[in-house]
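Peer 1: Test case, fold it:
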Amino acid sequence: MTPRLARAWRLLAILVLGFASGLPLALAGQAMQAWLTIDGVNVATIGFFGLVGVPYTFKFLWAPLMDRFEPPLLGRRRGWLALTQFALAGVLWWMAQLSPATMPKVFALAALLVALLSASQDIVVDAYRTDLLPETERGLGASIHVFAYRLAMILSGGVALIWAGQWQSWPKVYEMMALIMAGCGLFSLLALPRVGAHLTALMSNPRRELLGFGAMLAGVLVGFFLARQALMLLGLDPDDANKWIQLFFVLAEILLALPLGIWAARWAGFETLNQSFATYFAQRGAVAFLALIILYKLGDAFAGSLTTLFLLKGMGFSQEEVGIVNKLIGIWLTIFGAFIGGLIMIRLALYRSLLLFGVLQLVSNFGFYLLAELGRGAWGSMTLPAFDWGVVALNQPAELDLLLLTVIAGENISSGMGTVAFVALLMALCNQRFTATHYALLSAFAAVGRIYVSPLSGVLSESVGWPMFFLFSIAAALPGVLMVWWLRAPLTRLWTSEN
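Peer 2: Numbering: from 1, shown residues only. This is a model prediction of the structure:
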């Protein structure tokens with residue numbers, strides 16, 4: 001194979017895997033939220049459904065196993081990719097056969113499995129991309145990955161809402177997504193370039209690794225049980241009708257289960273995990289950087305956690321209008337924001353970019369408050385002509401609210417800018433010896449806001465109303481901006497050492 005053809009094959013692989021990585025995110029998030037809303041599930045319960053994304057915040061715990069072990073006959077990276085993608089296709093098809101209104105617990109379990117498999121796929125995609133691409137192609141490869149990832153989110157987020165409105169069937173949409181994911185699995189199985197021959201095998205005892213992982217799981221389960229029992233001894237009921245008490249149980253269980261699981265892993269000698277933790281926390285300012293990672297996107301997470309619900313139920317927009325504006329147009333604007341953010345970063349570097357984009361993210365949340373206060377139609381509307389693009393069609397002209405368009409434009413452009421600087425920060429903090437586990441760890445902390453604010457958002461918006469909820473989201477964005485300013489010297493040193 002010629003060098004040019006080999007390069008094209010590598011970049012095609014990155015394109016397909018980026019698409020496969022982005023597809024499930026909305027199916028266990030915003031698209032699922034729309035399905036729940038249409039099925040009449042209440043606001044607070046929809047907020048709790050956001051917790052199905054918990055695996056994204058814990059994925060660093062099993063990332064070492066996917067580095068250490070190789071599925072028989074398939075290869076380490078390609079094998080795990082094919083297995084997770086076929087499993088995702090099967091669970092999405094199963095999910096399409098369920099009703100969230102009549103079978104909420106089983107539906108939540110299916111959504112949790114989608115998130116678990118999606119997080120596992122992300123671990124392997126990130127590692128495969130690093131293993132496959134030579135250094136000279138990593139910049140281009142990262143751009144192709146982000147583009148394909150966002151393209152998949154347009155399909156599973158925006159086009160899915162339009163299909164659901166036109167077909168009057170969310171199950172049919174999820175069946176279609178399952179077939180697409182199965183196609184990605186076939187590509188991974190049959191067409192991905194092999195990697196791994198040049199890589200040094202991880203030198204650790206496989207039996208000890210498995211025992212360490214088992215001990216970690218046992219620690220998580222014990223922590224969950226102890227937290228629940230302690231709160232029940234205080235007279236609290238996990239099934240109390242009060243959503244605040246339910247939320248308190250969930251957060252307490254997670255806060256005790258995670259550190260107890262990590263302690264058990266250290267005690268049992270989960271070597272790969274322990275070494276990767278040690279190398280990360282050996283660097284100066286490691287804990288402060290983790291705090292920044294959690295806080296930087298917190299206001300964004302609050303505003304975005306219930307956006308689909310707010311627009312459909314709170315404002316009364318149709319599924320088609322939300323799909324077109326918030327998903328199709330919105331995600332393209334996020335890509336545009338990321339492109340502009342990348343250009344700005346060339347001049348401003350990491351610290352000033354994080355500060356500027358953090359302020360813009362904070363200001364953009366005010367748009368949702370404005371929309372909640374003024375209501376739909378406050379700034380008039382524009383007519384979108386009917387179209388038929390084959391994959392998606394609009395059978396008749398649609399009225400698009402101008403205030404909604406403005407708010408979504410501001411939010412997505414600023415979010416895209418912030419994401420570019422944020423990803424640059426995560427990459428700069430990774431040690432190359434443990435790239436997969438470090439990136440999984442840091443991106444897991446990055447997902448904390450997105451996942452754990454969802455149940456709080458549902459309870460809070462139901463308690464105080466949408467305008468006050470979005471004012472709260474503005475306040476939640478402020479600590480992240482202040483944290484950037486406080487860490488200005490370490491951020492400057494970090495960027496200088498990387499460049």
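Peer 1: make it CA atoms for all contacts and neighbour counts henceforth
Peer 2: Will do.
Peer 1: didn't Leu256 look like it was pressed against Arg228?
Peer 2: No: under the criterion of CA atoms under 8 Å, Leu256 lies out of contact with Arg228, with a separation of 9.8 Å.
Peer 1: Show me what the one helix or strand Val322 maps to is packed against.
Peer 2: Element membership of Val322, judged by DSSP states H and E, is helix 319-322. With contacts defined as 3 or more CA pairs under 8 Å, 6 or more residues apart in numbering; DSSP states H and E, the packing partners of helix 319-322 are helix 160-167, strand 398-401.
Peer 1: gap between that helix and the chain center?
Peer 2: When distances are taken as CA atoms, centre = their mean, to the nearest Å, helix 319-322 is centred 22 Å away from the chain's centroid.
Peer 1: which other residues reach that helix?
Peer 2: The contact list for helix 319-322, computed with CA atoms under 8 Å, 6 or more residues apart in numbering, reads Gly158, Leu161, Ile162, Ala164, Gly165, Thr308, Leu311, Leu312, Ala398, Glu399, Leu400.
Peer 1: For those, point out the one with the lowest pLDDT.
Peer 2: Within the contacts of helix 319-322, pLDDT reaches its minimum at Ala398, with 71.
Peer 1: residues touching that residue, list them.
Peer 2: Contacts for Ala398 were tallied using CA under 8 Å, 6+ apart; they are Glu321, Thr383, Leu384, Pro385, Ala386.
Peer 1: let's see 10 Å
Peer 2: For Ala398, the contact set (CA atoms under 10 Å, 6 or more residues apart in numbering) comprises Glu320, Glu321, Ile324, Ser381, Met382, Thr383, Leu384, Pro385, Ala386.
Peer 1: Could you measure from the fifth one over to Phe147?
Peer 2: Spelled out, that is Met382. 28 Å (CA to CA, to the nearest Å).
Peer 1: Could you do the last one as well?
Peer 2: Separation of Ala386 from Phe147 (CA to CA) stands at 26 Å.
Peer 1: same thing with the first one?
Peer 2: Note on Glu320: its distance to Phe147, by CA to CA, is 23 Å.
Peer 1: Please apply the same query to the fourth one.
Peer 2: In this structure, Ser381 and Phe147 are separated by 30 Å, where distance is defined by CA to CA.
Peer 1: With neighbour numbers in mind, choose between these two.
Peer 2: When Ser381 and Phe147 are compared for neighbours, Phe147 comes out ahead with 19 against 16, by other CA atoms under 10 Å.
Peer 1: thought the more buried one was touching Gly416?
Peer 2: No: under the contact definition of CA atoms under 10 Å, Phe147 does not touch Gly416, with a separation of 11.9 Å.
Peer 1: tell me, what's touching those two both at once?
Peer 2: Common contacts of Phe147 and Gly416, defined by CA under 10 Å, 6+ apart, comprise Trp332, Ile335, Ala338.
Peer 1: Quick check: the second one touching Leu328?
Peer 2: It refers to Ile335. No: if you go by CA under 10 Å, Ile335 and Leu328 don't touch, sitting 11.1 Å apart.
Peer 1: list residues touching both of these two?
Peer 2: Shared contacts of Ile335 and Leu328, defined by CA under 10 Å, 6+ apart, comprise Leu151.
Peer 1: picking that back up, can I get the shared contacts of Phe147 and Gly416 in TSV including pLDDT, secondary structure and neighbour count?
Peer 2: What follows is those, written out as TSV (pLDDT from 0 to 100; DSSP: H, G, I helix; E, B strand; the rest coil; neighbours: other CA atoms under 10 Å):
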residue	pLDDT	secondary structure	neighbour count
Trp332	76	helix	20
Ile335	76	helix	22
Ala338	74	helix	25
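Peer 1: Give me the buried positions along stretch 256-274.
Peer 2: For stretch 256-274, burial by neighbour count (16 or more other CA atoms under 10 Å) applies to 256-258, 260-266, 268-274.
Peer 1: For the chain, just list every one of the strands.
Peer 2: In chain order, the chain shows strands spanning 381-384, 387-388, 393-394, 398-401, with DSSP state E as the criterion.
Peer 1: Any idea which of these has the lowest pLDDT on average?
Peer 2: strand 393-394 - the lowest mean pLDDT of the strands of the chain, at a mean of 64.
Peer 1: quick one: contacts for Gln97?
Peer 2: Listed by CA under 10 Å, 6+ apart, the contact partners of Gln97 are Phe107, Trp170, Pro171, Lys172, Tyr174, Glu175.
Peer 1: which one is the first one nearest to, not counting chain neighbours?
Peer 2: Spatially, and ignoring its direct neighbours in sequence, Phe107 is nearest to Pro100 (5.6 Å; CA to CA, 6 or more residues apart in numbering).
Peer 1: Let me know the pLDDT of the one you found.
Peer 2: 87.
Peer 1: What of Leu328?
Peer 2: 70.
Peer 1: How many residues are close by it?
Peer 2: Quick note: Leu328 (other CA under 10 Å) scores 21 neighbours.
Peer 1: now it: how far from Arg4?
Peer 2: Note on Leu328: its distance to Arg4, by CA to CA, is 34 Å.
Peer 1: same thing with Ala148?
Peer 2: Applying CA to CA to Ala148 and Arg4 gives a distance of 21 Å.
Peer 1: Pick out whichever of the two has more residues nearby.
Peer 2: Taking neighbours as other CA under 10 Å, Ala148 and Arg4 compare with Ala148 leading, 22 against 9.
Peer 1: Would you map out the domains in the protein?
Peer 2: Taking automatic domain parsing as the domain assignment, the ranges for the chain are 1-193, 283-499.
Peer 1: where does Thr84 land on pLDDT?
Peer 2: The model's pLDDT for Thr84 equals 94.
Peer 1: residues touching it, list them.
Peer 2: Counting by CA under 10 Å, 6+ apart, Thr84 has contacts Gly90, Val114, Leu116, Leu117, Ser118, Ala119, Ser120, Gln121, Asp122, Val124, Met181, Gly185.
Peer 1: what does Ala230 give?
Peer 2: With contact taken as CA under 10 Å, 6+ apart, Ala230 is in contact with Leu236, Ala252, Glu253.
Peer 1: Which residue in these has the weakest pLDDT?
Peer 2: Least confident of the contacts of Ala230 in the model: Glu253, at 81.
Peer 1: Without its sequence neighbours, what residue ends up closest to it?
Peer 2: Excluding its sequence neighbours, the residue lying closest to Glu253 (CA to CA, 6+ apart) is Phe224, at 4.7 Å.
Peer 1: Burial check on that neighbour, number of neighbours?
Peer 2: The number of residues packed around Phe224, counting by other CA under 10 Å, is 22.
Peer 1: Might one say that Leu403 is in contact with Leu371?
Peer 2: Yes: counting by CA under 10 Å, Leu371 is a contact partner of Leu403 at 6.9 Å.
Peer 1: got any residues that touch both of those two?
Peer 2: By CA under 10 Å, 6+ apart, the residues touching both Leu403 and Leu371 are Gly377, Ala378, Trp379.
Peer 1: Would you tell me which of the helices and strands packed on helix 319-322 gets closest to Phe445?
Peer 2: helix 160-167 (28.5 Å; CA to CA).
Peer 1: which residues make contact with that closest one from outside it?
Peer 2: Helix 160-167 is contacted from outside by 26-27, 30-32, 34-35, 153-156, 159, 168-174, 176-177, 318-324, 327-328, 391-395, using CA under 10 Å, 6+ apart.
Peer 1: how close does Phe302 sit to Ala475?
Peer 2: Plainly put, Phe302 is 10 Å away from Ala475 if you go by CA to CA.
Peer 1: residues near Gly316, how many?
Peer 2: With other CA under 10 Å as criterion, Gly316 counts 13.
Peer 1: No further queries at this time; thank you.
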